[in-house]
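Chemist: task: produce atomic coordinates for the following.
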Amino acid sequence: MVRGDELSAREQALLASLPSCPSCGFTNSRGGVSCSCCTGSLSDGAAWPGPLTSASRPPLLAELPARFTPLRLLGAGADKQVYLARDDMLQRDVAIAAFDIAALGARKDDLLREARIMARVGGTRHVVTIYDVIDGRLAAFIVSQFMSGGDLASVLARAGQTPFAVERAVRIGVQLCEALEAAHQRGVVHLDVKPANVLLDAKGDAFLADFGLARFDEHGAAGVGALVGTPAYLAPEQVLGEDVDGRCDLYALGSLLYELLVGAPPF
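Modeler: This is a model prediction of the structure:
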């Protein structure tokens with residue numbers, strides 16, 4: 001079993017060098033100014049300790065197939081670590097989320113559910129693609145498309161309250177509309193559209209990620225809403241605990257676009 005107190009000295013130094021969110025405690029990748037989990041402000045991190053080597057391969061990655069070479073830690077949470085890795089077989093960079101099964105407990109089913117939803121929507125334009133799910137004895141891994149541009153929340157935070165150019169905001173909006181259209185056509189409602197869940201590639205194109213709160217909407221409604229997510233982007237029916245459907249995603253997208261053009265969410 002891989003526990004936090006069994007991390008090697010290098011792993012502990014590596015994690016300590018990354019900025020932790022003062023609000024939620026999530027450990028983020030270096031260089032961002034907002035938390036990838038709650039979008040709160042971050043303090044500057046320490047110097048990056050260098051790439052991973054075979055000698056410093058973390059215990060949580062012990063069951064990762066040899067075809068994947070972990071390069072560096074991108075971020076970490078209470079029960080997972082996210083790495084940039086190289087798929088040596090297919091010769092491409094990937095993001096690998098490694099989950100401690102013991103820490104996950106019963107939430108492992110939620111993890112697999114999210115992976116299945118993303119696989120259902122994946123392969124479409126502007127949705128982050130999941131390549132594989134690897135279920136080990138001590139750890140589970142989700143291998144997905146690596147987005148080198150980071151998340152939109154960090155871009156917004158670096159810009160302060162400076163609005164995006166209209167052309168850039170429209171481009172991102174159109175791309176997210178394509179992502180939501182693909183999801184809704186497949187009966188999936190995201191329910192957590194916000195800047196932290198929008199990832200950017202090297203060209204600045206936007207991709208929708210994190211379907212952890214998503215629900216199926218195959219009969220006109222995805223069920224009764226629960227007050228989960230980020231308040232600034234929640235549709236009124238989510239706040240009121242009413243039935244939710246794809247229109248909740250459109251409301252959240254509208255709030256996101258407002259923030260791009262004005263510099264702050266509408267509420």
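
Chemist: tell me the spacing between Thr124 and Phe146.
Modeler: Look at Thr124 and Phe146: by C-beta to C-beta, to the nearest Å, they are 18 Å apart. C-beta here means a position set from N, CA and C on the backbone, and glycine is covered the same way.

Chemist: between these two, who's got more neighbours?
Modeler: Between Thr124 and Phe146, counted using other C-beta atoms under 10 Å, the more crowded position is Phe146 (21 against 16).

Chemist: just checking, the more buried one touches Ala97?
Modeler: No. Checked against C-beta atoms under 8 Å, the pair Phe146 and Ala97 is beyond contact range at 11.4 Å.

Chemist: ok, now which ones touch the residue nearest to the spatial centre of the chain?
Modeler: The chain has Asp210 as the residue nearest its centroid, 4.8 Å off, counting by C-alpha atoms, centre = their mean. Residues in contact with Asp210 (C-beta atoms under 8 Å, 6 or more residues apart in numbering) are Asp192, Ala196, Asn197.

Chemist: all helices of the stretch 51-200 of the chain, in order?
Modeler: Counting by DSSP state H, counting those that start in this stretch, the segments of the stretch 51-200 of the chain that form helices are 101-104, 108-121, 152-159, 166-185.

Chemist: give me the angle between the last one and helix 152-159.
Modeler: Using axes from the mean of the first three to the mean of the last three C-alpha atoms, to 10 degrees, the direction of helix 166-185 lies 160 degrees away from that of helix 152-159.

Chemist: helices and strands of this structure: which one bottoms out on pLDDT?
Modeler: helix 9-16 (a mean of 52; mean pLDDT, DSSP states H and E).

Chemist: start to end distance for stretch 239-247?
Modeler: Start and end residues of stretch 239-247 are separated by 14 Å (C-alpha to C-alpha, to the nearest Å).

Chemist: and it, how far out from the chain middle?
Modeler: Put simply, stretch 239-247 sits 23 Å off its chain's centre (C-alpha atoms, centre = their mean, to the nearest Å).

Chemist: that one - what's its average pLDDT?
Modeler: Mean pLDDT, stretch 239-247: 89.

Chemist: how about it: buried residues?
Modeler: Using 16 or more other C-beta atoms under 10 Å as the test for burial, stretch 239-247 gives Val244, Asp245, Gly246.
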